[in-house]
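Colleague: requesting a structural model of the entry that follows:
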Amino acid sequence: MFKLRRPAYRAVVIVHVVASVAWLGLSLCLLVLGVWATTTAEAAEQYAAGTAMSTLAGVLAVPFGATALVSGVVLMLGTRWSLAYTWVLVKLVATAIAFALTVFSLRPGLAATAASLDPGVLQVLDSQMLAAPIVSSSVYLGATILSYVKPWGRRGARVPARVPELARSVR
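Modeller: Reported below is the predicted structural model:
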C-alpha cells in the first residue's frame, strides 16, 4: 500500500472532483435532452435532441466515468479513506455499477435510438430516454453527498458511548 504525498493528493483530488462533476453534468444534460426529445412535437427537434444525446454520451461518458472511477480508487488506496469505511465501499460499488451500465447499456441504447430517428418523422420514444439519466444523476448526486457527509464511519468500529457533559455543552 502506498500513501499519496500532499502535492499528488491534491492533484488526484482535483482530477477526481472535476471528472465526477463533469459526469454529473453530462448526466443532467442527457436528462434535459431526453425530456426535450420525448416531449417535442417537432420531428427535427426530436432528431436533434436524440442525436445530441448519443453524441455526448458516446464521446464524453467513458472518459469522465473512467477518470472518476480510477481517481477514486487511487484516493482510496493512497489515503486513509479505505474500504474500511462503509461510505467508501458504497460509493465505489455505485460508481462501478454506473460506469458498467454506461458502457454496456446507456451508450449502445442511445446510439440505437439516434440511428432510428428521422428528422422528418416524429416518433414515440421509449421511457429509457429519461430513466437512465434520472438514475445516473441520482447515483452521482448520492456519491457527491457521501463524499461530503462521510456517514457511517469505519466498518466494524464500535460507536463510543455518549458523554452527557459533551451533549449538554453542544446545546
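Colleague: going forward, measure contacts between C-alpha atoms and count neighbours the same way
Modeller: Noted.
Colleague: gap between the helix or strand encompassing V32 and the chain center?
Modeller: With elements taken from DSSP states H and E, the one containing V32 is helix 6-39. The chain centroid and the centroid of helix 6-39 are separated by 7 Å, computed with Cα atoms, centre = their mean, to the nearest Å.
Colleague: for the helix or strand following that helix, name the packing helices and strands.
Modeller: Along the chain past helix 6-39, the next helix or strand (assigned with DSSP H and E) turns out to be helix 43-56. If contacts are counted by 3 or more Cα pairs under 8 Å, 6 or more residues apart in numbering; DSSP states H and E, helix 43-56 sits against helix 6-39, helix 107-116.
Colleague: return helix 43-56 as PDB; C-alpha atoms alone will do.
Modeller: Taking Å, rounded to 0.1, in the frame of the first residue of the first chain, the C-alpha atoms of helix 43-56 are listed here in PDB:
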ATOM      1  CA  ALA A  43     -39.600  15.700 -35.600                       C
ATOM      2  CA  ALA A  44     -36.500  17.800 -36.400                       C
ATOM      3  CA  GLU A  45     -36.100  18.800 -32.700                       C
ATOM      4  CA  GLN A  46     -36.600  15.200 -31.600                       C
ATOM      5  CA  TYR A  47     -33.900  14.100 -34.100                       C
ATOM      6  CA  ALA A  48     -31.500  16.900 -32.900                       C
ATOM      7  CA  ALA A  49     -32.100  16.000 -29.200                       C
ATOM      8  CA  GLY A  50     -31.700  12.300 -29.700                       C
ATOM      9  CA  THR A  51     -28.600  12.700 -31.900                       C
ATOM     10  CA  ALA A  52     -27.000  15.100 -29.300                       C
ATOM     11  CA  MET A  53     -27.700  12.600 -26.500                       C
ATOM     12  CA  SER A  54     -26.000   9.900 -28.400                       C
ATOM     13  CA  THR A  55     -23.000  12.100 -29.400                       C
ATOM     14  CA  LEU A  56     -22.500  13.400 -25.900                       C
END
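Colleague: so what touches it?
Modeller: Contacts with helix 43-56, where a contact means Cα atoms under 8 Å, 6 or more residues apart in numbering, come from 26, 30, 33-34, 36-38, 40, 107, 110-111, 113-114, 117-123.
Colleague: now with 10 Å, please.
Modeller: Judged by Cα atoms under 10 Å, 6 or more residues apart in numbering, the contacts made with helix 43-56 from elsewhere in the structure are 26-27, 29-40, 57-58, 61, 106-125, 129.
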